[in-house]
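J.: One predicted model, sequence on top.
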Amino acid sequence: MILKPIYQKNLYGLDYFFHNFVKLYQKNNLPNKILISGDEGLGKSTLAFHLVNYVLSKDEDLSYDLKNLQINQENKSYKLTINASNPNLTLVDSLNDKRGIDINQIRDLISNLNKSSFNNKERFVIIDNIEKLNKNSVNALLKILEEPPQNIFFILINNDRFILPTLKSRCINFNLFLNYQNSIYVVNKLLGEDIFNHINTDLLNHYTTPGKLYKLITFFETNDYNLKDYKLKDLLKLIINEELYKKDILIKNISFEYFEFFFRKELSLVKSKTFDIHNYFIKRINETKKFNLDEESLFNEFEYKVLNG
């Protein structure tokens with residue numbers, strides 16, 4: 001099952017942040033340029049969609065359930081949103097066939113915002129994966145952020161990646177984080193049962209976000225693997241030998257995290273040689289991500305030099 005934020009009617013683990021946004025809105029102090037930052041899989045986009053639905057459905061009979069942090073799936077705003085026809089919400093994200101958000105998407109956004117509103121409600125713009133904006137896209141976006149149209153709120157979402165200071169400085173930044181216990185709680189809610197029924201405890205001795213954990217479990221179960229049977233080293237060998245990292249980008253990114261975890265868990269960093277190997281692979285991973293280098297050679301080299309070393 002894929003967790004698409006736009007369809008998540010429940011908000012788990014982010015109560016504190018959501019209620020703070022609601023209080024700001026109720027006091028007419030909600031910033032019109034919000035940057036939500038945090039690791040991938042925390043629920044940043046889900047939080048944004050819940051905030052938007054709370055505001056846009058507040059005058060409807062089936063409004064947002066503030067007590068249970070739940071979107072009423074029968075409210076008009078939600079139905080319009082999932083059908084991509086909500087006149088008060090514009091979503092911008094990287095296209096499936098492109099690695100980034102290009103300038104034409106931002107130009108279309110600006111053109112849309114300059115049109116008259118269909119009603120007197122607030123209008124929202126959610127730009128997900130803001131780090132994927134290229135330089136031209138950022139420059140185009142900065143122009144409208146400097147003088148945003150009245151009654152329009154921008155919510156920019158960043159996966160803890162570098163963004164230009166000129167963009168960051170124009171927004172109020174909210175940094176999200178969940179501790180280990182809250183992360184496990186969220187995954188239990190998403191699974192509908194105890195996470196320990198699905199995964200070896202050896203794989204849970206490393207903090208990662210609820211979205212990544214849920215993806216890890218559902219991906220392997222969909223491919224007929226039982227994660228209770230795999231400790232860290234065995235799982236990494238499976239991912240490499242079966243080339244599972246090629247099937248899903250999030251699995252690839254989780255694998256990179258587990259590389260780092262393996263060094264901390266299995267190897268003594270007191271030894272200078274281990275330090276060198278550790279630093280070498282961290283550099284390789286960063287360069288592979290940044291320059292889109294050959295991933296297969298990186299995974300095979302890690303198995304040869306580290307897992308079998």
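T.: In hand now; what should we look at?

J.: Surely residue 298 and residue 284 touch.
T.: Yes - counting by C-beta atoms under 8 Å, residue 298 touches residue 284, with 5.5 Å between them. C-beta coordinates here come from the backbone N, C-alpha and C atoms, glycine included.

J.: Neighbour count: those two, which is higher?
T.: residue 298 (20 against 17; other C-beta atoms under 10 Å).

J.: three-state assignment of that one?
T.: helix (DSSP: H, G, I helix; E, B strand; the rest coil).

J.: try the one 4 residues further on
T.: For residue 302, the assignment made with three-state DSSP gives helix.

J.: That one - how many residues pack around it?
T.: Residues lying near residue 302 (other C-beta under 10 Å) number 22.

J.: Same question for residue 165.
T.: Neighbours of residue 165 under the rule other C-beta under 10 Å: 8.

J.: Going along the chain, name the helices of the stretch 201-309 of the chain.
T.: Using DSSP state H, counting those that start in this stretch, the helices of the stretch 201-309 of the chain run over 210-222, 232-241, 249-266, 272-291, 295-302.

J.: What are the buried residues along the first one?
T.: Right, helix 210-222. For helix 210-222, the neighbour count (16 or more other C-beta atoms under 10 Å) marks 210, 211, 212, 213, 214, 215, 216, 217, 218, 219, 220 as buried.

J.: Kindly report the same for the longest one.
T.: For helix 272-291, a neighbour-count test (16+ other C-beta under 10 Å) marks 277, 278, 281, 284, 285, 288 as buried.

J.: ok, longest strand in this protein?
T.: Counting by DSSP state E, the longest strand found in the chain is strand 152-158.

J.: Quick check: residue 31 touching residue 171?
T.: Yes - counting by C-beta under 8 Å, residue 171 is a contact partner of residue 31 at 7.4 Å.

J.: Among these two, which residue is more densely surrounded?
T.: Remark: of residue 31 and residue 171, residue 171 carries more neighbours, 21 against 15, as counted by other C-beta under 10 Å.

J.: Contacts only, for the closest residue to that one other than its chain neighbours.
T.: The shortest distance from residue 171 to any non-neighbouring residue, by C-beta to C-beta, 6 or more residues apart in numbering, is to residue 35 (3.8 Å). Applying C-beta atoms under 8 Å, 6 or more residues apart in numbering to residue 35 gives the contacts 130, 156, 157, 158, 168, 171, 172, 173, 174.

J.: hey, where'd the strands end up in this protein?
T.: Using DSSP E, strands in the chain cover 33-37, 89-92, 123-127, 152-158, 172-175.

J.: Reformat the ones you listed as JSON lines; add distance to residue 25 and mean pLDDT.
T.: Formatted as JSON lines, these follow (distance: least, C-beta to C-beta, whole Å; pLDDT from 0 to 100):
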{"stretch": "strand 33-37", "distance to residue 25": "11", "mean pLDDT": "97"}
{"stretch": "strand 89-92", "distance to residue 25": "15", "mean pLDDT": "95"}
{"stretch": "strand 123-127", "distance to residue 25": "11", "mean pLDDT": "97"}
{"stretch": "strand 152-158", "distance to residue 25": "9", "mean pLDDT": "96"}
{"stretch": "strand 172-175", "distance to residue 25": "13", "mean pLDDT": "96"}
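
J.: Surely residue 248 and residue 220 touch.
T.: No - using C-beta under 8 Å, residue 248 makes no contact with residue 220, being 10.5 Å away.

J.: Done for today, thanks.
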